[in-house]
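J.: pasting the structure only:
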């Protein structure tokens, strides 16, 4: 095979973005797949030749990522997210409906090559459950009628309609404006207006302001941003890189997507200022591969910013140079971990590195590197515009600034909402009229995952807590990415744990044996227990496995994976025991566990 002339030109443009040629591997794999439909042996060999790699190196990388096709797929690929938020919204039933209509199993392709239907892990469409992508285009709140239309050859697209937050919109200032992605709209609200002034500041002064602001990382760990920037070595003689973590993949989390799809220039200006602060001349936005619309939106916005002189050489005549490039992932939750992201950006499998050394010292291409989340960076211009003291006071102690909260599951009005950090409680987020507006009719709150799938569940009587890092930690969980998943009394907690362990088993990078083997072991146990084939010993074994994984992996993935089974065993053990004793799931007996217990003669 050969690249078409247009694609050859695109390939040359891609290669020019990186100081190391191998970094162009993921974009080139995507380019060839889009041209050929899949990655044949001939395609792998051609890519290897283009990038001065061996076919084995190319195949090793391609086989790691779920979005690369090593076998032909249908002309229309229907991907149904079946992770927890979407599963609560009927995704599993929708998947089987589509497969039954076509007479195939999930993952298969019709004999005529027209359709492939497959499960997808969390697409960050949690509020639009069940979320589907048809050839990469959003079809949220998908229905059986939508599937019928797609199978009939119609184009059906539907993106989530983001509900408005109450109070002042700061990070979400432009989200609901017409043509919100355009540079004109961003500038009309003051965007880029002070960029020249900020680029005239000493980098150290910006870092100090960020330190004073109490801005903590919004990606999950909550590490102080200014302190992280301060770890960069002085005068290392090597270039410094900024990697923007837009690989939003934590189940329940879909906040960064709002900024990316609805206000991209906010992120771009934040990247420019942050690059100046850390003395970086190049930034890579590592965006998850499934964000097709988001990648297009960012590329268009970057083209506008370059044309206006905000990105590139000698920005606004200041003598400063900042290049920003969009680098698309290809389907790997693990790439949200900072060192796995760097490995992926270098054209390798997205597996984590041992730390130390930390990326601030030895990161991308062996150079000092800062990896920051989209929402984290979006706050940096705000710190400079309104002042560090204002930013720190807008939230709670040690938790400064505005915060984006995602909520999905069994609520009336799912969405991503903005509020001062910690100034709302989890109860407010669930029941507030300006937020999720409570549990769907006829049901009661049962359990909440407060900060994404990797955080321990909370009970209905544990939600009157401040939604900041410290408040949620005091309740025995974590704020994490603030991706809240709400479950009502119709939810089986054994099923819930099984659903999330399937996600972690699927997404394990395979580097560490406790995670690689342990997630599969936990999944098999939970499948047996949920099917009524488990034993009391299985419950104890499940707990022992979680203990054997905890703290024993290179990255936090192992600790994330054990949160669902460990916390549900702690707080809902009687449901597990019911499955063992009655040899069936309680949902086959009654609509709620309380009713099922009553029918079995077990006291509440």
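T.: Right, received. Where do you want to start? Note that the structure is a prediction, hence the values are computed from the model and not measured.
J.: Please enumerate the helices of the stretch 451-600 of the chain.
T.: 469-474, 493-507, 513-530, 536-549, 557-571, 573-582, 593-600 (DSSP state H, counting those that start in this stretch).
J.: where's the strand ranked longest in the chain relative to the chain centroid, distance-wise?
T.: In the chain, assigned by DSSP state E, the strand with the most residues is strand 402-409. On the basis of Cα atoms, centre = their mean, to the nearest Å, strand 402-409 sits 13 Å off its chain's mean C-alpha point.
J.: Okay, now the sheet partners of it, with direction.
T.: If you go by DSSP bridges, strand 402-409 pairs up with strand 415-420 (antiparallel), strand 483-488 (parallel).
J.: Of these, flag the one that's most buried.
T.: strand 483-488 (a mean of 28; mean count of other Cβ atoms under 10 Å). Where you see a C-beta, it was placed from the backbone N, CA and C, and this is true even at glycine.
J.: re the thing from before, so for the longest strand of the chain, mean pLDDT?
T.: For strand 402-409, mean pLDDT rounds to 98.
J.: before we move on, the earlier item: could you say which one of the strands paired with strand 402-409 comes nearest to residue 449?
T.: strand 483-488 (4.2 Å; Cβ to Cβ).
J.: Show the average pLDDT along that closest one.
T.: Strand 483-488 comes out at a mean pLDDT of 98.
J.: Same question for stretch 426-438.
T.: 97.
J.: And for stretch 125-142?
T.: On average, stretch 125-142 scores 98.
J.: Kindly reformat the helices of the stretch 451-600 of the chain as a markdown table containing mean neighbour count, distance to residue 322 and mean pLDDT.
T.: Shown next, in a markdown table, are the helices of the stretch 451-600 of the chain (neighbours: other Cβ atoms under 10 Å; distance: least, Cβ to Cβ, whole Å; pLDDT from 0 to 100):
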| stretch | mean neighbour count | distance to residue 322 | mean pLDDT |
| --- | --- | --- | --- |
| helix 469-474 | 18 | 31 | 95 |
| helix 493-507 | 24 | 33 | 97 |
| helix 513-530 | 20 | 37 | 96 |
| helix 536-549 | 16 | 41 | 95 |
| helix 557-571 | 23 | 32 | 95 |
| helix 573-582 | 18 | 53 | 97 |
| helix 593-600 | 16 | 55 | 92 |
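J.: residues in contact with the nearest residue to residue 411 once chain neighbours are set aside?
T.: Once flanking residues are discounted, residue 411 sits nearest to residue 436: 3.9 Å by Cβ to Cβ, 6 or more residues apart in numbering. By Cβ atoms under 8 Å, 6 or more residues apart in numbering, the contact set of residue 436 is 407, 411, 412, 413, 414, 415, 429, 430, 486.
J.: sorry, back to before: got the strands paired with strand 402-409 as CSV, with distance to residue 371 columns?
T.: Listed next are the strands paired with strand 402-409 as CSV, based on distance: least, Cβ to Cβ, whole Å:
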stretch, distance to residue 371
strand 415-420, 22
strand 483-488, 19
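J.: So which bits of the host helix or strand of residue 385 are buried?
T.: Using DSSP states H and E, residue 385 falls within helix 380-386. By neighbour count with 16 or more other Cβ atoms under 10 Å, helix 380-386 contains the buried residues 380, 381, 382, 383, 384.
J.: and the first one, what is it in contact with?
T.: Okay, so that is residue 380. Going by Cβ under 8 Å, 6+ apart, residue 380 touches 206, 210, 215, 225, 270, 273, 274, 277.
J.: What of the second one?
T.: Contacts for residue 381 were tallied using Cβ under 8 Å, 6+ apart; they are 194, 198, 266, 269, 270, 273.
J.: go again using 6 Å as the cut-off
T.: When contacts are counted by Cβ atoms under 6 Å, 6 or more residues apart in numbering, residue 381 touches 269, 270, 273.
J.: returning to that earlier point: the residue nearest to residue 411 falls within a strand, correct?
T.: No - using DSSP: H, G, I helix; E, B strand; the rest coil, the secondary structure at residue 436 is coil, not a strand.
J.: how near is it to residue 375?
T.: 19 Å (Cβ to Cβ, to the nearest Å).
J.: Same check on residue 416?
T.: Distance from residue 416 to residue 375, by Cβ to Cβ: 10 Å.
J.: joint contacts of these two?
T.: residue 404.
J.: What is the burial count for residue 365?
T.: If you count neighbours by other Cβ atoms under 10 Å, residue 365 ends up with 16.
J.: circling back to that earlier point, in CSV: the helices of the stretch 451-600 of the chain, plus distance to residue 169.
T.: Output for the helices of the stretch 451-600 of the chain, formatted as CSV (distance: least, Cβ to Cβ, whole Å):
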stretch, distance to residue 169
helix 469-474, 23
helix 493-507, 32
helix 513-530, 40
helix 536-549, 41
helix 557-571, 31
helix 573-582, 41
helix 593-600, 40
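J.: quick revisit: and which of the contacts of residue 380 is nearest to residue 15?
T.: Checking the contacts of residue 380 against residue 15 with Cβ to Cβ, the nearest one is residue 274 at 25.9 Å.
J.: helices or strands up against whatever helix or strand that closest one lives in?
T.: Using DSSP H and E, residue 274 falls within helix 264-278. With contacts taken as 3 or more Cβ pairs under 6 Å, 6 or more residues apart in numbering; DSSP states H and E, helix 264-278 sits against helix 203-212, helix 292-307, helix 374-378, helix 380-386.
J.: can you list contacts of the first one?
T.: Outside of helix 203-212, the residues that reach it under the criterion Cβ under 6 Å, 6+ apart are 225, 226, 229, 276, 277, 279, 383, 388.
J.: Select, from those residues, the two members most distant in space.
T.: 279 and 388 (20.2 Å).
J.: who's more crowded, the two?
T.: More neighbours surround residue 388 than the other of residue 279 and residue 388, with 20 against 15 (other Cβ under 10 Å).
J.: With adjacent residues omitted, what lies nearest to residue 304?
T.: Nearest to residue 304 is residue 183, by Cβ to Cβ, 6+ apart, at 4.3 Å.
J.: any chance you could read off phi and psi for that neighbour?
T.: Per-residue torsions, residue 183: phi -70, psi -30 (degrees, to the nearest 10).
J.: ok, how many other residues are close to it?
T.: Residue 183: 21 neighbours (other Cβ under 10 Å).
J.: What's the separation between it and residue 323?
T.: For residue 183, the distance to residue 323 (Cβ to Cβ) stands at 18 Å.
J.: contacting residues around stretch 137-152?
T.: 97-98, 101, 125, 128, 130-132, 134, 156-160.
J.: So what's the residue count around residue 20?
T.: If we define neighbours as other Cβ under 10 Å, then residue 20 has 12 of them.
J.: Over to the one 10 residues further on?
T.: For residue 30, the tally of surrounding residues (other Cβ under 10 Å) stands at 19.
J.: Helix, strand or coil: sort out it for me.
T.: Once three-state DSSP is applied, residue 30 turns out helix.
J.: number of nearby residues for the closest residue to residue 531 other than its chain neighbours?
T.: Closest residue in space to residue 531, ignoring its immediate chain neighbours: residue 585 at 7.7 Å, by Cβ to Cβ, 6+ apart. When neighbours are counted by other Cβ under 10 Å, residue 585 registers 19.
J.: Tell me which stretches of the stretch 101-250 of the chain form strands.
T.: 115-120, 132-134, 137-139, 241-246 (DSSP state E, counting those that start in this stretch).
J.: residues touching residue 298, list them.
T.: Contacts of residue 298 (Cβ under 6 Å, 6+ apart): 264, 326.
J.: redo that, cut-off 8 Å
T.: 260, 264, 267, 268, 285, 287, 326.
J.: what's the most distant pair in those residues?
T.: 268 and 287, at 12.8 Å, using Cβ to Cβ across the contacts of residue 298.
J.: Run through the neighbouring helices and strands of the helix or strand of the chain with the lowest mean pLDDT.
T.: Within the chain, no helix or strand scores below helix 593-600, which has a mean of 92 by mean pLDDT, DSSP states H and E. Helices and strands touching helix 593-600, by 3 or more Cβ pairs under 8 Å, 6 or more residues apart in numbering; DSSP states H and E, are helix 573-582.
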